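[1] Got a sequence here, can you build the structure:
(one chain, ligands or ions: 1)
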Amino acid sequence: REMPTTATTAPASPRKANVVILATGGTIAGAGADASNSATYQAAKVPVDKLIAAVPSLSELANVRGEQVFQIASESFTNAQLVQLAKRVSALLKQDDVDGVVITHGTDTLEETALFLDLVVRSDKPIVVVGSMRPSTALSADGALNLADAVATAASPASRAKGVLVTMNDEIQAGRDVTKRVNIKPSAFSSQWGPLGMVVEGKTYWFRAPVKRHGTASEFDIDAIDALPEVAIVYGSGNMNPAPYTAAVQAGAKAIVHAGTGNGSVAGYLVDTLKDLRAKGTLIIRSARVGDGFVLRNAEQPDDQYDWVVAHDLNPQKAKILAAVALTKTSDTKELQRIFWEY
Ligand SMILES: NC(=O)C[C@H](N)C(=O)O
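    Numbers count the residues shown, from 1 in each chain. You can find the predicted model right below:
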């Protein structure tokens, strides 16, 4: 058979993705007095339109538009703002004309917001959270490339159904796993389980995918959540005082994440206080201050006997987010433990 010599139709050029950038502040929107100010500057100064205009190559990666949701440093995020942001992300991703969302965010609590969105936004479309360690006015500022990488990742069909992603320092990290481990340096973010991939010159390269429940496989849905319960973290060390645990409950905490030493261990002289709080209804969740590894059930403490929950591999601040989300549905400790294993 003779092959046609002329094409009758031009090959369809792939449609450019529509990506919405939701700006919340942080150092990526920070400004210092001088190019030498890499650490001394004001966060949350530059509006979203200027962030977009500062990286002209974004328009080659996607059709980009911005919305200013907040203009705050991320250490000032509250539960009310988390809920508001997640509802906006959910609403946008339901629109046919939105293919992905990028959230610019301060780095201090970025890992908490990323996990929260991973748990409660029921969409397979890419959600990418991004920040920077240096303000845009500094020498060797990292925000522009991080933002370009975020847009490239949000625009890529390969990013679908991989959970919330974080693009920092050329890497694509799982929002569930990633944590800020270093301050000052641009290599601040990492995960004990490793990055999922990398972005190089506007293209994503993938090496692994998350296995924990998220997105459309989650039992949580931000459209049904209007507020989050109070969860406190008490940091473990030698020579502890039980007062912070009881004070947290008096202040309204429904659950306490114990950021324990080692494998979430609890000082012998604290055990009665925590047992007593549990007996009166407060949830006790054992996490660990060490950062890596994971807390085993009934190791160090008899969790079955005391009706305590372990945080699996979630660090204390991430355990606090999952506990708050889980408590919107149940306060049954068996159910909570299942949730900590599955998400
Ligand atoms: N690098 C940063 O973004 C730090 C800043 N304090 C923030 O979280 O907003």
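
[2] Helix or strand: which one has the residue of the stretch 201-343 of the chain found nearest the ligand?
    In the stretch 201-343 of the chain, the residue found nearest to the ligand is residue 317; the distance is 12.8 Å by C-beta to the nearest ligand atom. C-beta coordinates here come from the backbone N, C-alpha and C atoms, glycine included. Taking DSSP states H and E as the criterion, the element that holds residue 317 is helix 316-327.

[3] Outside of that helix itself, list whatever touches it.
    Outside helix 316-327, the residues within contact range by C-beta atoms under 8 Å, 6 or more residues apart in numbering are 79, 109, 111-112, 115-116, 119-120, 176, 179, 220, 225, 228-233, 235, 254-255, 257, 259, 283, 285, 287-289, 311, 314, 335-336, 339-340, 343.

[4] Which of those residues fall within helices?
    Secondary structure defined by DSSP state H assigns 79, 111, 112, 115, 116, 119, 120, 335, 336, 339, 340 of those to helices.

[5] thinking again about what came up before, report the rounded mean pLDDT for the helix holding residue 317.
    Helix 316-327 comes out with an average pLDDT of 98.

[6] So what angle separates the directions of that helix and helix 110-120?
    Using axes from the mean of the first three to the mean of the last three C-alpha atoms, to 10 degrees, one finds that helix 316-327 and helix 110-120 are set 30 degrees apart in direction.

[7] Let me know how buried whatever residue of the stretch 101-250 of the chain ends up closest to the ligand is, in neighbour terms.
    The shortest separation between the stretch 101-250 of the chain and the ligand is 2.0 Å, found at residue 106 (distances taken as C-beta to the nearest ligand atom). A count of neighbours around residue 106, defined by other C-beta atoms under 10 Å, yields 26.

[8] Now do the contacts for it.
    Residues near residue 106 by C-beta under 8 Å, 6+ apart: 24-28, 43-44, 72-75, 77, 131.

[9] now with 6 Å?
    By C-beta atoms under 6 Å, 6 or more residues apart in numbering, the contact set of residue 106 is 25, 26, 43, 73, 74, 131.

[10] same thing with residue 94?
    Applying C-beta under 6 Å, 6+ apart as the definition, residue 94 turns out to have no contact partners.

[11] Just give the nearest non-adjacent residue to residue 57, would you?
    Nearest in space to residue 57, with sequence neighbours left out and distances taken as C-beta to C-beta, 6 or more residues apart in numbering, is residue 148 at 5.8 Å.

[12] Residue 340 too?
    The spatial neighbour of residue 340 that comes closest, neighbours along the chain excluded (C-beta to C-beta, 6+ apart), is residue 312 at 4.9 Å.

[13] just checking, the one you found touches residue 339?
    No: with contact taken as C-beta atoms under 6 Å, residue 312 and residue 339 are classed as non-touching, separated by 9.7 Å.
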